[in-house]
Every structure is written in C-alpha cells, then in structure tokens.
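Q: I'd like to go over a predicted model; first the sequence, then the structure.
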Amino acid sequence: MERSLSMELVRVTEAAALASGRWMGRGNKEEADRAATEAMRDVFDTIPMKGTVVIGEGEMDEAPMLYIGEKLGNGYGPRVDVAVDPLEGTNIVASGQWNALAVLAVADHSNLLHAPDMYMDKIAVGPESVGKVDINAPIIDNLQAVAKAKNKDVEDLVVVILNRKRHEKMIEEIRSAGARIKLLPDGDVAAAINTAFGDTGVDLLLGSGGAPEGVLAAVGLKCLGGELQGKLLPQNEAELQRCKKMGIEDVTKVLYMDDLVKGDDCIFAATGVTDGELLRGVRYNGTTATTQSLVMRAKSGTVRFVDGKHSMKKKPDLVIR
Ligand SMILES: O=P(O)(O)OC[C@H]1O[C@](O)(COP(=O)(O)O)[C@@H](O)[C@@H]1O
C-alpha cells in the first residue's frame, strides 16, 4: 500500500466524525450511527483503493450499515481488506460521554481476520508488556506480568473493562488483586489503544466486546508495538456456523496478533467524535469545525496526530446529514 493512503483514510474518519458529532447528547444513537456510516461510505468512494469490508458491524441484509463483503474505494488502487466502525460508541455519542471514535483499518488483501460481528474475549497491552500476557492465564498472573514489565506494583495498575454483568467475576478478581479499575460504559477500541500511550494512565484492557472492535484495536496496537490477544465467543449455533462459513474452523483458538492482522502492511485511522483521553472530539464553530485524528502505519511505524479545520461553507454536506 502507498504511504499516501494513510492521509486519504483520515478524510474518511474525519467525515464520519463531523457528521455524527452533530448528534452528541441528542439521545438518538441510530441517527448518529447512520450519519457516520453514510459519510464514511461517501468519502471511501473517492479513495484510490479496491477495498472489501471483511469485518464490521453489519451483514448484507442489515444495510445501510457498511456490511461485511461491501466494496469500498474508487476501484483503482491496491486490493485491501477493510475493518470499519463508522461510529464506535453509539450510546456514548447519544449521551455525550467520552471516547467515541470514527475508526477504520486497512491491510493488504486477505491479511485481516474475516469474521462475523460477534463477541470476542480480549486482553490488550502496550509495548512494554508484549509477550508477557496470556489470555488463558489467570487474571492475577497477567496483572503481575504487566506490573513487572512496567516496573510497577499491581496496585498501581489501571485495568479498563466494559461495565457489563458478564464481567462481574472478572472485576471481582481484579479488585481482589488490588489493581485499580476504569469501568467503561462503552468503547473498548479507544481503551485498547490507550494502553500503548503512557500518559492516558491505562495499563491493560480485559474482557469481552465486539470482534470488529478487536480487529480494529489489533491493527492500532500493531502500529504502536502493543499486543492484543482475542478469542471468539459464539453465542449460538448460528454464529458458530457463520464463523465456519467465513473459514474459521477452530473458533476456540486464541487469536494472536498475526491471526488478527497478518504482516505489517496495515493502516489504522481514527477521529475523535467526543472527547477522550487520547483524542479531542469534534468542535463546531459556526462556519468551521475542528477534528483531531490519529493515523498510523505499521510498516513505517509512523504515528501521526492530525488536527483538521474544516470549512462548513465550502463543504456543508460534511456536517449536515
Ligand atoms: O455493549 P456490548 O454488547 O457489551 O458490546 C460491547 C461493544 O460495544 C461497544 O461498547 C460500543 O459499540 P457500538 O458502537 O456498536 O455501540 C464496543 O466498544 C464494544 O466492543
């Protein structure tokens, strides 16, 4: 993939953030998601690539979502796999909370995990703890390993975990070990990425969330030298069969970085929709709006924060959808 593709892809996440940010706090997650999806699709169509969505939040019959199998790009560039979440944190936007993102990842054709939209168990850490954690190990072992790798005490660690009933036992175990916890209402992509940035104050992500979010976070962490391990969690026979149809024979197997995203020819792009630890959300200022994005390419190891100032006069369709 050409390095210039990274900057083209930021236009896609910026457009989705600008469109969905208008819905912040308006209690309507469906409209926020629709606005992000439509904006993303429109801008993708101007990007020089032959992309196919291999993992995302919708299946074909659930369109207008960007669905698995959907072709994206103007059809003239490299053949790439795409993982998308036009609006990661629909409830967050609806209620005006933290860490909603417009996010995507692309990799060379057939290098991203092709899987249905289902749950995935995850553990994510930043660069210091790579190779030190094991999704199958007891929680205390992982906490001790990360603490040692970061030259801290377990009591110093901050574990991020979605605030869900299914995590009650895990939360209890983390508390018993003495680590601190940040309970998230939603948004585990930002949480996973945050583990690779020291000043976010986050050491590891644990627990289950969406599989598309797992692949997106894995690409981000590959660019940052971190690690995510995942395990698909089919909830019923239909999900199991969908996995098989997509070529996943052993759904119980641990998915390591190279299973989630092969090689290093991959790009991650995200734009803040609401404010977060890492990215500022969209600001609307009458005739202009500002965005903050993160775009990274694993091959070169370049990590860029991009501040955008957008003219509403010249591109009114960017925000009114
Ligand atoms: O809400 P659930 O079912 O526990 O799913 C968790 C997933 O939902 C999210 O919190 C938000 O997803 P949406 O953007 O689809 O609302 C993800 O970050 C996370 O992976």
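A: All right, it came through fine.

Q: Excluding chain neighbours, what is closest to whatever residue of the chain ends up closest to the ligand?
A: When distances are taken as Cβ to the nearest ligand atom, the chain reaches nearest to the ligand at Gly209, 2.6 Å away. Every C-beta, even on glycine, is put in place using the N, C-alpha and C of the backbone. In space, Gly209 comes closest to Asp188 once its chain neighbours are excluded; the distance is 4.1 Å by Cβ to Cβ, 6 or more residues apart in numbering.

Q: Close to the ligand: what parts of the chain are there?
A: Within the chain, the positions adjacent to the ligand are 57, 87-91, 162, 164, 186-189, 209-210, 213 by Cβ under 6 Å from any ligand atom.

Q: change it to 8 Å
A: Within the chain, the positions near the ligand by Cβ under 8 Å from any ligand atom are 29, 33, 57, 85, 87-92, 100, 119, 162, 164, 166, 184-189, 191, 208-210, 212-214.

Q: So which of those sit within strands?
A: Here DSSP state E is the test, and the residues of the chain next to the ligand give Asp85, Leu87, Glu88, Tyr119, Leu162, Leu184, Ser208, Gly209, Gly210 as lying in strands.

Q: May I ask you to confirm that the last one is in contact with Asp121?
A: No: between Gly210 and Asp121 there is no contact under Cβ atoms under 8 Å: 11.3 Å.

Q: list the contacts for the closest residue to Gly272 other than its chain neighbours?
A: Once flanking residues are discounted, Gly272 sits nearest to Leu279: 3.2 Å by Cβ to Cβ, 6+ apart. By Cβ atoms under 8 Å, 6 or more residues apart in numbering, the contact list for Leu279 reads Leu101, Ala190, Ala270, Thr271, Gly272, Gln292, Ser293, Leu294, Phe305.

Q: residues touching the fourth one, list them.
A: Taking Cβ under 8 Å, 6+ apart, we find Thr271 in contact with 10, 13-14, 16-17, 101-103, 279, 282, 291-294, 308.

Q: Please apply the same query to Ile171.
A: Taking Cβ under 8 Å, 6+ apart, one finds Ile161, Ile181, Leu183 in contact with Ile171.

Q: The second one against Leu157, yeah?
A: No: at 9.3 Å, Ile181 does not count as touching Leu157 under the criterion of Cβ under 8 Å.

Q: The stretch 101-250 of the chain: strands as residue ranges?
A: 101-108, 119-125, 158-162, 180-184, 204-210, 227-233 (DSSP state E, counting those that start in this stretch).

Q: can you put those in CSV and add mean neighbour count?
A: Below are the strands of the stretch 101-250 of the chain laid out as CSV (neighbours: other Cβ atoms under 10 Å):
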stretch, mean neighbour count
strand 101-108, 30
strand 119-125, 25
strand 158-162, 22
strand 180-184, 16
strand 204-210, 24
strand 227-233, 23
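
Q: Turn the contacts of Ile171 into a markdown table, including pLDDT and distance to Arg175.
A: A markdown table is the format used below for those (pLDDT from 0 to 100; distance: Cβ to Cβ, whole Å):
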| residue | pLDDT | distance to Arg175 |
| --- | --- | --- |
| Ile161 | 98 | 11 |
| Ile181 | 98 | 7 |
| Leu183 | 97 | 11 |
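
Q: Could you dump those into CSV with distance to Leu143 added?
A: Formatted as CSV, these follow (distance: Cβ to Cβ, whole Å):
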residue, distance to Leu143
Ile161, 12
Ile181, 11
Leu183, 16
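
Q: Could you pull up the contacting residues of Asp9?
A: I think there's a mix-up here, since residue 9 is Leu and not Asp. Leu9 makes contacts with Ile47, Leu104, Val106, Ile267, Ala269, Val295, as judged by Cβ under 8 Å, 6+ apart.

Q: Please read off the pLDDT at it from the model.
A: At Leu9, the predicted lDDT confidence score is 97.

Q: Tell me, please, where in the stretch 1-150 of the chain the pLDDT is lower than the cut-off.
A: Low-confidence segments of the stretch 1-150 of the chain, defined by pLDDT under 70: 60-63.

Q: circling back: looking at the contacts of Leu9, which one is closest to Pro234?
A: Leu104 (25.0 Å; Cβ to Cβ).

Q: shouldn't the closest one be in contact with Glu88?
A: No: applying Cβ under 8 Å, one finds Leu104 not in contact with Glu88, separated by 9.9 Å.

Q: what do those two both touch?
A: Taking Cβ under 8 Å, 6+ apart as the contact rule, Leu104 and Glu88 both touch Leu216, Ala270.
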